[in-house]
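Novice: sequence first, then the predicted structure:
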Protein chains: 4
Amino acid sequence: MENKHYALQMSVRDYECDIQGIVNNSVYQNYLEHARHQYLKEIGIDFADYAQRGIHLVVVRAELDYKTPLQSGDRFTVSVKMVRESPVRFAFLQEISNNSDNRLVLSARIIGTALNPNGRPEIPPELDALLPAAS
Amino acid sequence: MENKHYALQMSVRDYECDIQGIVNNSVYQNYLEHARHQYLKEIGIDFADYAQRGIHLVVVRAELDYKTPLQSGDRFTVSVKMVRESPVRFAFLQEISNNSDNRLVLSARIIGTALNPNGRPEIPPELDALLPAAS
Amino acid sequence: MENKHYALQMSVRDYECDIQGIVNNSVYQNYLEHARHQYLKEIGIDFADYAQRGIHLVVVRAELDYKTPLQSGDRFTVSVKMVRESPVRFAFLQEISNNSDNRLVLSARIIGTALNPNGRPEIPPELDALLPAAS
Amino acid sequence: MENKHYALQMSVRDYECDIQGIVNNSVYQNYLEHARHQYLKEIGIDFADYAQRGIHLVVVRAELDYKTPLQSGDRFTVSVKMVRESPVRFAFLQEISNNSDNRLVLSARIIGTALNPNGRPEIPPELDALLPAAS
């Protein structure tokens, strides 16, 4: 199964900017999460449905490299690439770029797992099938 | 000058939902503000530019009627209609409706003013020109 | 049963401030909600527990009067007074004041109801008992 | 100059929890930032004042390890330890622990720099003096 690049178009909302006039650091995690959830939904995995069934997709580690800040009015692209990290972990490689000049805004590596209703790490079969084997 | 209806398409982001699985009350103000700022930008008034020039568009009163909550995955429409409220006040009449069934999600009346660099209420001429006289 | 005034001490967090250098409009609803939930917990009603049992405390209308904005570093007090509004509605009368000069920052009237697991308005008996009869 | 451990007491606000009933991933960055800013203020460095003077304290990389989630009602402690990373970079080593059982909630390494009014990395002298030389 091929793991194509997914990309979502978004734009800055003024309330996401802080005293410095730029998007606040924590907001980028909102952007990244929204793009991941949209990507997962597109491949058939609904975060909210999973939560209701007691399956919790959780982040175990996030690495975020901030390059150039977004400002009021900016339009940007958030990319998502999902790869297998280990038998019970997967990673999302994500980038945010500014549409006006294609400059890299942020690059991130978000490592996650799924917790079953007993709270144990266990990748659901339909998600497992989508993940290429770790090389 | 005619004051046409403006409408913005948006969709719920999962991080905007709370323990109850619905969009948190305060988030609707974010949606409303974003639609107002987009509308103002379209008619030539940039909130961030104004702030840099020392002109602060501020909300003095908000009335929000919550009808039916938005949930994860919902797509919705936020409308904006600006009317004059008094010589130094304007009001935004706004509605949010759920795209799936056109049901009203929220209706709001947001009253605002502009503060000049001295902190006194004063509607900038270019905004004043866009506001029909109070009837 | 007497309905005493409840007050919560809080302070502004920098990420709550926006481009204008003041607390963003929507954040005040977060402050008000947090104070209401703390108040309810103190009188024996836990919002999160209720949600898990299928009882949803919901806001049906919010009226917010913005007086003077809070800024980075400000400490403030959020008061809560709960009154009965109708057989199936209650209201929270809330004020936020700046601790440095006691100036009123915002006054609000938040009207709520409780939805039972069937989604019908129904005030749980333990909450009903705490509400003085509408006069 | 010794670099003592700083710790801030906080508690979860219900609106910070998401569909899963736990604090949303991005909110931890808010907690960490608030603790850093309080710490900096205590040692004489005010984030908002700096921003007004054109000096921007910015995050260049964040590494966050999520251990056990916080939930509604939890009280927690956020620690801050600042170390020098390079001539123009400093790092904050931070931990969040749950007060009820002292369990580690999250550990983080946040690397920052200061941009002068020309947008070039330059640690202001008063901050530089507080940072032990890189060993």
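Specialist: All right, it came through fine.
Novice: SS state for the residue most central in space within chain A?
Specialist: The residue lying closest to the centre of chain A (C-alpha atoms, centre = their mean) is A:R36, at 3.6 Å. Following DSSP: H, G, I helix; E, B strand; the rest coil, A:R36 is assigned to helix.
Novice: then A:D49?
Specialist: helix.
Novice: give the contact list for it.
Specialist: A:D49 is in contact with no residue at all, counting by C-beta atoms under 8 Å, 6 or more residues apart in numbering or on different chains. From N, CA and C alone the C-beta is placed, and that goes for glycine too.
Novice: how about the residue of chain A positioned farthest from its centre, secondary structure?
Specialist: Centroid-distance maximum for chain A: A:I19 at 25.9 Å, with C-alpha atoms, centre = their mean. On the three-state scheme (three-state DSSP), A:I19 is labelled coil.
Novice: my guess is it contacts C:C17, does it?
Specialist: Yes - using C-beta atoms under 8 Å, A:I19 makes contact with C:C17 at a distance of 4.9 Å.
Novice: shared neighbours of these two, anything?
Specialist: C:S72, D:A48.
Novice: quick one: contacts for the residue farthest from the centre of chain A?
Specialist: A:I19 touches C:D14, C:C17, C:D18, C:I19, C:G21, C:S72, D:F47, D:A48, D:A51, counting by C-beta under 8 Å, 6+ apart.
Novice: try 6 Å
Specialist: By C-beta atoms under 6 Å, 6 or more residues apart in numbering or on different chains, the contact list for A:I19 reads C:C17, C:G21, D:A48, D:A51.
Novice: now swap in A:S79 and tell me
Specialist: Contacts of A:S79 (C-beta under 6 Å, 6+ apart): A:H5, A:A7, A:E95.
Novice: roughly how far does the last one sit from chain B?
Specialist: Applying C-beta to the nearest C-beta, to the nearest Å, the value for A:E95 to chain B is 19 Å.
Novice: so which strand or helix has that residue?
Specialist: Taking DSSP states H and E as the definition, one finds A:E95 inside strand A:89-98.
Novice: what's the next secondary structure element after that strand?
Specialist: Sequence order places strand A:104-115 as the next helix or strand after strand A:89-98, per DSSP H and E.
Novice: could you check the helix or strand just after that following strand and say which residues are buried?
Specialist: Next helix or strand after strand A:104-115 toward the C-terminus (DSSP H and E): helix A:125-128. Residues of helix A:125-128 classed as buried: A:L127 (neighbour count, 16 or more other C-beta atoms under 10 Å in any protein chain shown).
Novice: hey, C-alpha coordinates of stretch A:45-64 in CSV?
Specialist: Output in CSV follows, covering the C-alpha atoms of stretch A:45-64 (Å, rounded to 0.1, in the frame of the first residue of the first chain):
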residue,chain,number,x,y,z
ILE,A,45,-10.3,6.5,10.4
ASP,A,46,-12.4,8.9,12.3
PHE,A,47,-10.8,10.2,15.5
ALA,A,48,-14.1,11.1,17.2
ASP,A,49,-15.7,7.7,16.3
TYR,A,50,-12.7,5.9,17.7
ALA,A,51,-12.9,7.9,20.9
GLN,A,52,-16.5,6.9,21.3
ARG,A,53,-15.6,3.2,20.8
GLY,A,54,-12.9,3.5,23.5
ILE,A,55,-10.0,3.5,21.1
HIS,A,56,-7.7,6.5,21.8
LEU,A,57,-5.2,7.7,19.3
VAL,A,58,-2.6,9.4,21.4
VAL,A,59,0.5,11.4,20.8
VAL,A,60,3.5,10.1,22.7
ARG,A,61,6.2,12.5,21.4
ALA,A,62,6.2,15.7,19.4
GLU,A,63,9.3,17.3,17.8
LEU,A,64,8.6,20.7,16.4
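Novice: distance from the chain centre to stretch A:82-94, please.
Specialist: 11 Å (C-alpha atoms, centre = their mean, to the nearest Å).
Novice: start to end distance for that stretch?
Specialist: Taking C-alpha to C-alpha, to the nearest Å, the first and last residues of stretch A:82-94 lie 9 Å apart.
Novice: let me know the helix or strand that the closest residue in space to A:G112 that isn't next to it in sequence is in.
Specialist: Nearest residue to A:G112, sequence neighbours excluded (C-beta to C-beta, 6 or more residues apart in numbering or on different chains): A:V59, at 5.1 Å. For A:V59, the element it lies in under DSSP H and E is strand A:56-66.
Novice: buried sites along that strand?
Specialist: Quick answer for strand A:56-66 (16+ other C-beta under 10 Å): A:H56, A:L57, A:V59, A:V60, A:A62, A:E63, A:L64, A:D65, A:Y66.
Novice: cool, stretch A:109-124 as well?
Specialist: Buried residues in stretch A:109-124 (16+ other C-beta under 10 Å): A:R109, A:I110, A:I111, A:G112, A:T113, A:A114, A:L115, A:E122, A:I123.
Novice: same check, this time on stretch A:102-110
Specialist: Of all the residues in stretch A:102-110, those buried under the rule 16+ other C-beta under 10 Å are A:V105, A:L106, A:S107, A:A108, A:R109, A:I110.
Novice: what about chain A, any weak spots by pLDDT?
Specialist: Applying pLDDT under 70 to chain A flags residues A:1-4, A:133-135.
Novice: what does it put close to chain D?
Specialist: For chain A, the residues in contact with chain D (C-beta under 6 Å from any C-beta of the partner chain) are A:19-20, A:25-26, A:29-30, A:48, A:51, A:56, A:59-66.
Novice: quick one: name the residues of chain A near chain C.
Specialist: So chain A meets chain C at A:Y15, A:C17, A:I19, A:G21, A:N24 (C-beta under 6 Å from any C-beta).
Novice: how near is the last one to C:I19?
Specialist: Here A:N24 is placed at a distance of 11 Å from C:I19 (C-beta to C-beta, to the nearest Å).
Novice: one more: A:P125?
Specialist: Where C:I19 is concerned, A:P125 sits at a distance of 47 Å (C-beta to C-beta).
Novice: around chain B, pick out the residues from chain A.
Specialist: A:R13, A:D14, A:Y15, A:N30, A:E33, A:H34, A:H37, A:F47, A:A48, A:S72.
Novice: which one of these is nearest D:S86?
Specialist: Taking C-beta to C-beta as the measure, D:S86 lies nearest A:N30 of those, at 29.5 Å.
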